[in-house]
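Visitor: Coordinates only, no sequence provided:
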Ligand SMILES: C[C@](O)(C(=O)O)[C@H](CC(=O)O)C(=O)O
């Protein structure tokens with residue numbers, strides 16, 4: 001619905017040019033959480049695969065979400081404000097090199113600014129769970145080469161982020177070497193999943209400072225990586241920080257309370273009574289839509305904003 005041109009990828013590349021800038025991205029998983037993030041004014045937002053899997057499929061992040069599920073969610077989120085870059089989870093790329101190439105092309109054409117591709121086996125899981133199976137280097141590097149080639153062949157600005165999950169199974173050095181090779185292949189950003197200490201975080205940032213490759217920090221509350229604020233992440237040398245689960249815990253907590261209230265008292269809470277649905281509609285572009293109608297000479301929505309709610 002937004003009529004602006006798709007400029008997210010270009011904008012993200014600009015933001016990444018400044019070595020002293022940290023791009024802080026709240027994790028969102030649907031239209032409403034994306035609208036909330038946009039209304040607060042973040043420079044970029046992150047579409048979480050875990051959240052997409054739970055909200056679109058109702059299932060845990062265990063490799064159930066398909067390219068189609070993920071791409072269509074990312075496209076919808078990226079369309080809400082095409083000037084704000086959306087970094088989206090692309091899991092394993094959903095297959096071999098041909099499929100990875102298709103994933104990158106489709107994400108780019110859907111207005112996604114950046115995507116990350118990892119080295120877990122297709123039967124993947126959240127990077128902070130145990131028992132991850134990691135593909136060999138050859139298979140991982142083929143995924144990344146396909147991703148970079150698709151970016152270049154389509155002359156897209158999409159930012160390719162190499163994620164490695166190898167830390168848990170093969171140790172720090174193997175994970176680091178994989179990302180170093182990823183930079184040689186041509187990726188734009190590196191993502192060392194499930195860093196186990198601040199020392200490891202510092203080491204990774206130091207190594208990639210030499211090639212001026214931005215490093216992404218995945219801040220999962222209760223996950224493997226020690227908690228860091230955006231300020232601290234910046235001091236350590238990270239250039240992007242995603243907080244994938246930002247909306248998930250508050251939604252589970254507050255909606256459970258609301259459900260319990262309705263079940264036990266037979267009525268919604270005061271929050272529901274005070275905050276009508278129009279607040280949500282306003283957040284979700286109601287006025288922008290009405291303006292389009294008005295400008296085109298339509299009269300259908302003249303009085304829409306005046307309802308009690
Ligand atoms: C980044 C991540 O891939 C995601 O789906 O958002 C997850 C986050 C999570 O499960 O909390 C991850 O594997 O780290």
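Guide: Structure's in. What do you need? Note that the structure is a prediction, hence the values are computed from the model and not measured.
Visitor: Contact partners for residue 176?
Guide: Going by C-beta atoms under 8 Å, 6 or more residues apart in numbering, residue 176 touches 192, 203-204, 207. C-betas here are computed from N, CA, C, even on glycine.
Visitor: Restricted to buried residues, select these in ChimeraX.
Guide: Those of those that count as buried under 16 or more other C-beta atoms under 10 Å are selected in ChimeraX with:
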select :192,203,204,207
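Visitor: want to throw the contacts of residue 176 into TSV with pLDDT and secondary structure?
Guide: Listed next are the contacts of residue 176 as TSV, based on pLDDT from 0 to 100; DSSP: H, G, I helix; E, B strand; the rest coil:
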residue	pLDDT	secondary structure
192	98	strand
203	98	helix
204	98	helix
207	98	helix
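Visitor: Up against the ligand, what does the chain have?
Guide: 27, 48-50, 61, 89, 126-128, 218, 220, 244-245 (C-beta under 6 Å from any ligand atom).
Visitor: most surrounded residue in the residues you listed?
Guide: residue 48 (31 neighbours; other C-beta atoms under 10 Å).
Visitor: In this structure it contacts residue 245, no?
Guide: Yes. With contact defined as C-beta atoms under 8 Å, residue 48 reaches residue 245; the gap is 7.1 Å.
Visitor: list the residues that contact both of those two?
Guide: In the contact map built from C-beta under 8 Å, 6+ apart, the residues linked to both residue 48 and residue 245 are residue 27.
Visitor: Show the contacting residues for residue 29.
Guide: So residue 29 contacts 47-48, 51-52, 54-56, 73, 247-248 (C-beta under 8 Å, 6+ apart).
Visitor: pretty sure residue 43 contacts residue 15?
Guide: Yes. Because the distance of 6.0 Å satisfies C-beta under 8 Å, residue 43 is recorded as touching residue 15.
Visitor: Those two - which one has more neighbours?
Guide: residue 15 (19 against 14).
Visitor: Restricted to strands, list the contacts of residue 29.
Guide: residue 47 (DSSP state E).
Visitor: Tell me the spacing between the nearest residue to residue 261 once chain neighbours are set aside and residue 223.
Guide: Of all residues not flanking residue 261 in the chain, residue 269 sits nearest, at 4.9 Å (C-beta to C-beta, 6 or more residues apart in numbering). From residue 269 across to residue 223, the span is 31 Å (C-beta to C-beta, to the nearest Å).
Visitor: So those two - more neighbours on which side?
Guide: residue 223 (18 against 14).
Visitor: pLDDT value on the more buried one, please?
Guide: pLDDT, residue 223: 91.
Visitor: go on, residue 275?
Guide: For residue 275, the predicted pLDDT is 77.
Visitor: so how many other residues sit close to it?
Guide: 11.
Visitor: Now it. Its backbone dihedrals?
Guide: phi -110, psi 90 (degrees, to the nearest 10).
Visitor: try the one 10 residues further on
Guide: The phi and psi torsions at residue 285 (degrees, to the nearest 10) take the values phi 80, psi 20.
Visitor: that older thread, now do the shared contacts for residue 43 and residue 15.
Guide: 23, 85.
Visitor: tell me the domain ranges of the protein?
Guide: In terms of domains, the chain is parsed into 8-247, 252-306 (source: automatic domain parsing).
Visitor: Just say which of these is most tucked in.
Guide: domain 8-247 (a mean of 20; mean count of other C-beta atoms under 10 Å).
Visitor: From one end of that one to the other, what's the distance?
Guide: Domain 8-247 stretches 22 Å from its first residue to its last (C-alpha to C-alpha, to the nearest Å).
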